[in-house]
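> Quick one: sequence plus predicted model below, questions after.
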Amino acid sequence: MHSDGYRDHPVRSYVLTGGRAHPTRNTLRPETLLRAVDDGRELPGTAGRHERTLLQTCRGTLALAELAAYLHLPVSLVAVIVSDLVDGGYLAVRSTPVHDLPGTDLLGTDLLEEVLDGLRGL
Amino acid sequence: MGSAASETRAAQHLAPTVDRSVKVLVVGAFGVGKTTLIRAVSEIPMLSTEESITTASVGVDPHRGQKATTTVAMDFGRVTVGSATALYLFGTPGQRRFWDLWSGLADGAVGALVMVDTRDLAQSFEVLDQIEEHTRLPITVVVNEFPDSPRHGIEEVRAALDLPDDTPIVAGDVRRRSQAVEALTTLVAHALRRRRGESVAT
């Protein structure tokens, strides 16, 4: 078993996440922005290597998918770890919801206009 | 995967002013230029993650419960638009067998750039069918002009792909940033028009 490979991840994922397959919050998406909470609080000694690496990597704002890429882990697995760190107050969701109405996937026209302006300014 | 994956790249963080994110899917068959387009637009070196997906076993007796697990790479890039918004571009193969992977990705997306290769338009049918069948995403078709591509008129492509009149089609060399950005701009403008139309209708 290679220490950094995850071809074996059906077993490793299970261990890494304490046996859970789903995050405790379902609002996390690959593009959700995250940032470590900078309050000087240390992770408990029982925290794993991935938790520590994730918090170090996330000292500035990054999306969930970026964290997964830097950690070389699947997005679905990183979502579980992120969820725990958010629950524990070590990591904060930086992005505000961008949808017009709760429970829909529709993006607001104001947001789309801003994105369009931003693209035209590139 | 493997030894290359164990190298850790320094993270390139977003500016502190960025507090929103949106995403666009870049879909199309293998080799059609998804990665090229993402690389042309992205402000960071392209990143990749791998996901295992359980694919429905087409043609296998469902009572035997056989499913195959496949690992699919998802390439993505990022560009900051304005001062507060990060736009992510997720490249994903569009064929039916990968639907499980990108159904979750499609949630909340601005829309999809559907990349087609005029040397093989038929391979785009399945991708377009999947989007129409499973999502309401606004799309823009991007005809990637390879040096040896036959040059079709936009309307010929529209007819061949049986696209609605209001679906934008852009053609160009997506290695060039300006053309890749133009494809994105066209998609977002289309999404905005559609959104305004819906607001009026309801």
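Yep, that arrived. Numbers count the residues shown, from 1 in each chain, chains lettered A, B, ... in the order given.
> looking at chain A, which helix or strand is least sure?
helix A:9-16 (a mean of 48; mean pLDDT, DSSP states H and E).
> got the residue ranges for the strands in the chain?
As the question left the chain open, I've gone with chain A. Here chain A has its strands, by DSSP state E, at A:33-36, A:62-63, A:91-93.
> hm, I was asking about chain B
Counting by DSSP E, the strands of chain B are B:20-28, B:47-55, B:68-81, B:85-93, B:111-116, B:139-144, B:169-172.
> List the contacts of the most centrally placed residue in chain A.
By CA atoms, centre = their mean, chain A has its centre lying nearest to A:Leu64, at 3.3 Å. Residues in contact with A:Leu64, defined by CB atoms under 8 Å, 6 or more residues apart in numbering or on different chains, are A:28-32, A:34, A:75, A:78-79, A:82. Where C-beta positions appear, they are placed from N, C-alpha and C, glycine not excepted.
> Closest one of those residues to A:Ala92?
Of all the contacts of A:Leu64, A:Ala92 sits closest to A:Leu34, with 7.0 Å by CB to CB.
> rewinding a little: present the contacts of A:Leu64 as a markdown table; the columns should include distance to B:Lys23.
Shown next, in a markdown table, are those (distance: CB to CB, whole Å):
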| residue | distance to B:Lys23 |
| --- | --- |
| A:Leu28 | 13 |
| A:Arg29 | 8 |
| A:Pro30 | 7 |
| A:Glu31 | 4 |
| A:Thr32 | 10 |
| A:Leu34 | 15 |
| A:Val75 | 13 |
| A:Val78 | 16 |
| A:Ala79 | 15 |
| A:Val82 | 17 |
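> Could you restrict these to the ones contacting chain B?
Contacts with chain B within the contacts of A:Leu64, as defined by CB under 8 Å from any CB of the partner chain: A:29-32, A:75.
> Now flag whichever of these is closest to chain B.
Distance to chain B, by CB to the nearest CB, is smallest for A:Glu31 among the ones next to chain B among the contacts of A:Leu64, at 4.4 Å.
> Assess the claim that the closest one and B:Tyr88 are in contact.
Yes - in this structure A:Glu31 lies within contact range of B:Tyr88 using CB atoms under 8 Å: 4.7 Å.
> Need the residues touching each of the two.
Residues touching both A:Glu31 and B:Tyr88 (CB under 8 Å, 6+ apart) are A:63, A:65, B:21-23.
> Would you point out the helix or strand in chain B whose mean pLDDT is lowest?
Least confident helix or strand of chain B, by mean pLDDT, DSSP H and E, is helix B:99-106 with a mean of 71.
> returning to what we had before: ok, which of the strands of chain B comes nearest chain A?
Between the strands of chain B, strand B:68-81 lies closest to chain A; by CB to the nearest CB that is 2.7 Å.
> what about that closest one, near chain A?
Yes - with CB under 8 Å from any CB as the measure, strand B:68-81 is seen reaching chain A through B:74, B:76, B:78-81.
> now those as TSV including pLDDT, distance to B:Ala191 and neighbour count?
Formatted as TSV, the residues of strand B:68-81 next to chain A follow (pLDDT from 0 to 100; distance: CB to CB, whole Å; neighbours: other CB atoms under 10 Å in any protein chain shown):
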residue	pLDDT	distance to B:Ala191	neighbour count
B:Met74	87	22	23
B:Phe76	96	19	28
B:Arg78	98	19	25
B:Val79	98	16	22
B:Thr80	97	19	18
B:Val81	96	14	23
